[in-house]
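>>> Structure for this input, please:
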Amino acid sequence: MTSRCAWCGTDPLYVAYHDTEWGVPEYDGRALWEKLVLDGFQAGLSWITILRKRDAFRAEFEDFDPGRVACWDDARIDRALQNPGIIRHRGKIESAVRGAQRFLEIEAQEGFASFLWSFVGGQPIQNNFASGAQVPAATPESTAMSKALKKRGFNFCGPVITYAFMQATGMVNDHVTTCHRHAQLTPPQAGG
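Below is the predicted model of the structure:
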């Protein structure tokens, strides 16, 4: 039997996400922005709720094309609010539009991926937690990322959200040491 992090339970969608996506280093700026937006929509909800709605989010948000979402006006936001397939929260939708605009600015200045990865020195932090109880909810790195994002005009990106984002995008390896993915995502030089 394959050993996994306990948080993914047995739901096939959650297990597949755990086994193929969570903790895999992501360096594509657009994909990072999509994940940051989805983590913002998760605020107050469970991640499985977002996973179950992810396809609807991708369709509504034009495959998370920041150039297109940045141009949304009030009418387009109102249209999104009518979609029962997504989380219909005006503040979160408006935050995604502002985030798309900020993404374009950061992408042009320094690269969105470079900006985000700078908070972990450009490479994943390798943690070696034996149990989920040892995994922090936030870290100095996620707090710094949160402050920098807010300073640039992002919302729904507090330190807990940014830490979940960092875990999901492989900026930190928080698979517990007994999970089969921990070793797979640990570079040989990082030890285990």
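>>> I'd like the next helix or strand past the biggest helix by length in the chain.
Criterion DSSP state H: the longest helix present in the chain is helix 90-109. Next in sequence after helix 90-109, counting helices and strands by DSSP states H and E, comes helix 112-117.
>>> Please point out which parts of that next one sit buried.
Of the residues in helix 112-117, 112-113, 115-117 count as buried by neighbour count, 16 or more other C-beta atoms under 10 Å. No exception for glycine: its C-beta is placed from N, CA and C like everyone else's.
>>> again, but for stretch 143-154
For stretch 143-154, burial by neighbour count (16+ other C-beta under 10 Å) applies to 143, 145-146, 148-149, 152, 154.
>>> Can you add secondary structure and give the residues you listed back as CSV?
Formatted as CSV, the buried residues of stretch 143-154 follow (DSSP: H, G, I helix; E, B strand; the rest coil):
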residue, secondary structure
143, helix
145, helix
146, helix
148, helix
149, helix
152, coil
154, coil
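>>> so which pair among those residues is furthest apart in space?
Pairwise distances across these (C-beta to C-beta) peak at 15.2 Å, for the pair 143 and 152.
>>> Okay, helices next: where are they in the chain?
12-20, 29-42, 47-60, 66-69, 74-81, 90-109, 112-117, 140-151, 159-168, 180-184.
>>> Adding distance to residue 6 and mean pLDDT, write those helices out as CSV.
Listed next are these as CSV, based on distance: least, C-beta to C-beta, whole Å; pLDDT from 0 to 100:
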stretch, distance to residue 6, mean pLDDT
helix 12-20, 10, 97
helix 29-42, 19, 97
helix 47-60, 14, 97
helix 66-69, 35, 98
helix 74-81, 35, 98
helix 90-109, 28, 98
helix 112-117, 27, 98
helix 140-151, 21, 98
helix 159-168, 14, 98
helix 180-184, 13, 95
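>>> Can you give me the buried ones in the longest helix of the chain?
92-93, 95-104, 106-107.
>>> Equivalent analysis for stretch 48-60, please.
Quick answer for stretch 48-60 (16+ other C-beta under 10 Å): 48, 50-51, 53-54, 57, 60.
>>> follow-up on the earlier one: from the buried residues of helix 112-117, which single one is nearest residue 175?
Nearest member of the buried residues of helix 112-117 to residue 175, counting by C-beta to C-beta, is residue 117, at 19.2 Å.
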